[in-house]
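1. Model the following, please.
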Amino acid sequence: MRTRTIGNRQVGVIGLGAMPMSVAGHMPDEDQSIRTILAALDAGITLIDTADAYTPSHDDIGHNERLVARALSLWGGDADTVLVATKGGHTRTSGGGWSVNGRPSHLKEACDRSLKALGVDSIGLYQHHRPDPAVPYEETMGALKELHDAGKIQMAGISNADPAQIRLAHSILGSALVSVQNEYSPRFRSSEPEIDVCAELGLAFLPWSPLGGIGRTGELSGQNAAFAEIAAARGVSPQQVCLAWELARSPVVIPIPGASRPETIIDSAAAADLELSEEELARLS
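-> Numbers count the residues shown, from 1 in each chain. This is a model prediction of the structure:
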C-alpha cells in the first residue's frame, strides 16, 4: 500500500475508522470486530482511529480502544508498525447521548484512561475530539501540549476544528500538532478550507465518515451517481472511487473509512491502488 506522512510516521494512505464496531444499534459481536481489524491489518492498513467515547453506553468508556488493543495483541504482524490514534473530549451521557468536555483536567484524565485501555505507556496520536464552547480553545490545547511534553502522547491532533482553531492549535503545539480530523465526503464537502490549511501547515487531514457515514454509503449510487458510473466502468466499488477521489484532493488527505465487516475494509483498502484520471476527477468534483 502507498504511504503518506503523519508527523514522523509513515502510514498507509487508507486508515480504519473503528467507530462502527462500538456504536449501539450498529455494532457487531466482538469476534466479528476483531476479524475486521485483523483483516485491515493484513490488507496493509497501518492507521487505526478510535476514541474513548466510541462505546455502546456511557458506562463502558474505552470499549472501542480495548477492542483495538485486543486485535493488535492477536495479530501475527509487527504491532509497532501500526499507528493507533485515539481521541478525548467528546463524552457520552446516559440514554446514549453525546456531550463535550474541553477542560484540561478532563482531557488529562481521559488520556490516562486511554493509556490503560490501549495497554500502552505512550499514545501514538492523541486527538482532541470536539471543541467545547464553554472552555477557551487555547486552554484545551495547552492541556494537549502538557500531555505531549510529559511523554504521555507522541503526537497531537485535533478534530472538528475550523481554520482559525487549526491555526491557534498550531501556534500553541508547534511541531507536536500533526493532524486534523474533520468530516469530509461527497455529501459533506464544507471542509475544503480546512484541507487547504492543513496542506499549508504540513498537517495530515483525516476525513471521518469519508463514505458519507453509517447507513449512507448507498448514496454513492444514488444522489452521487457519478461515483457509481465510474465504478462500473472501472470494475470496482463506488466506495473505492470515493476514497480515490479524496486521496486525489491533496497529498495530506488520509481517509479513515468506518467498517464493521472484514469484506468492507478489504474493499476500502483496495482504493489505495486506484488512480482516477483528470476527466474522472472533474466529473466527481
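2. Now do the helix or strand containing Ala169: which elements does it pack against?
-> Element membership of Ala169, judged by DSSP states H and E, is helix 163-173. For helix 163-173, the packing partners by 3 or more CB pairs under 8 Å, 6 or more residues apart in numbering; DSSP states H and E come out as helix 137-149, strand 153-159, strand 177-181, helix 192-201. (Glycine included, C-beta is placed from N, CA and C.)
3. if I look at the residue of the chain positioned farthest from its centre, how far off is Ser99?
-> The outermost residue of the chain relative to its centre, with distances by CA atoms, centre = their mean, is Ala233 at 29.4 Å. Remark: distance between Ala233 and Ser99 (CB to CB, to the nearest Å) = 45 Å.
4. now do Lys87
-> Where Ser99 is concerned, Lys87 sits at a distance of 14 Å (CB to CB).
5. Name the residue in these two with the higher neighbour count.
-> Lys87 (25 against 12; other CB atoms under 10 Å).
6. contacting residues for the more buried one?
-> Residues in contact with Lys87 (CB atoms under 8 Å, 6 or more residues apart in numbering) are Asp49, Thr50, Ala51, Asp52, Ala53, Tyr126, Gln127, His128, His129, Gly157, Ser159, Gln181.
7. Tell me which helix or strand comes right after the strand or helix carrying it.
-> Assessed by DSSP H and E, Lys87 sits inside strand 83-88. Moving toward the C-terminus from strand 83-88, the next helix or strand (DSSP H and E) is strand 90-93.
8. buried residues in that next one?
-> For strand 90-93, burial by neighbour count (16 or more other CB atoms under 10 Å) applies to His90, Thr91, Arg92.
9. of these, closest to Ile61?
-> Checking the buried residues of strand 90-93 against Ile61 with CB to CB, the nearest one is Arg92 at 6.9 Å.
10. what's the closest non-adjacent residue to that closest one?
-> In space, and not counting its chain neighbours, Arg92 is closest to His58: 4.0 Å by CB to CB, 6 or more residues apart in numbering.
11. And for Gly44, the neighbour number?
-> Neighbour number of Gly44 under other CB under 10 Å is 16.
12. Please identify which helix or strand holds the residue nearest to Ala270 when sequence neighbours are not counted.
-> Nearest residue to Ala270, sequence neighbours excluded (CB to CB, 6+ apart): Gln240, at 5.8 Å. If you go by DSSP H and E, Gln240 is part of helix 238-249.
13. Pass me the low-pLDDT residue ranges in the stretch 51-200 of the chain, would you?
-> The model of the stretch 51-200 of the chain has no residue with pLDDT under 70.
14. what distance separates stretch 40-59 from the centre of its chain?
-> 9 Å (CA atoms, centre = their mean, to the nearest Å).
15. quick one: buried residues of it?
-> For stretch 40-59, by 16+ other CB under 10 Å, it's 40-41, 43-56, 58.
16. partners of the strand holding Lys87, with directions?
-> Sheet pairing here is set by DSSP bridges, and for strand 83-88 it gives strand 47-49 (parallel), strand 123-128 (parallel).
17. For the residue nearest to Arg92, what are phi and psi?
-> phi -70, psi -20 (degrees, to the nearest 10).
18. tell me the contacts of Ile123?
-> Val84, Thr86, Cys111, Ser114, Leu115, Lys152, Ile153, Gln154.
19. Highest neighbour count among the residues you listed?
-> Thr86 (31 neighbours).
20. gap between the helix ranked longest in the chain and the chain center?
-> Ordering each helix of the chain by length in residues (DSSP state H) puts helix 104-118 first. With CA atoms, centre = their mean as the basis, helix 104-118 stands 18 Å off its chain's centre.
21. quick one: it to helix 137-149, angle?
-> Here the directions of helix 104-118 and helix 137-149 differ by 40 degrees (axes from the mean of the first three to the mean of the last three CA atoms, to 10 degrees).
22. so what does helix 104-118 touch, helix or strand wise?
-> Secondary elements touching helix 104-118 (3+ CB pairs under 8 Å, 6+ apart): helix 63-74, strand 83-88, strand 123-128, helix 137-149.
23. can I get the ones you listed in JSON lines with distance to Arg189?
-> Listed next are the helices and strands packed on helix 104-118 as JSON lines, based on distance: least, CB to CB, whole Å:
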{"stretch": "helix 63-74", "distance to Arg189": "27"}
{"stretch": "strand 83-88", "distance to Arg189": "23"}
{"stretch": "strand 123-128", "distance to Arg189": "22"}
{"stretch": "helix 137-149", "distance to Arg189": "24"}
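24. so is Asp60 in a helix, a strand, or just coil?
-> coil (DSSP: H, G, I helix; E, B strand; the rest coil).
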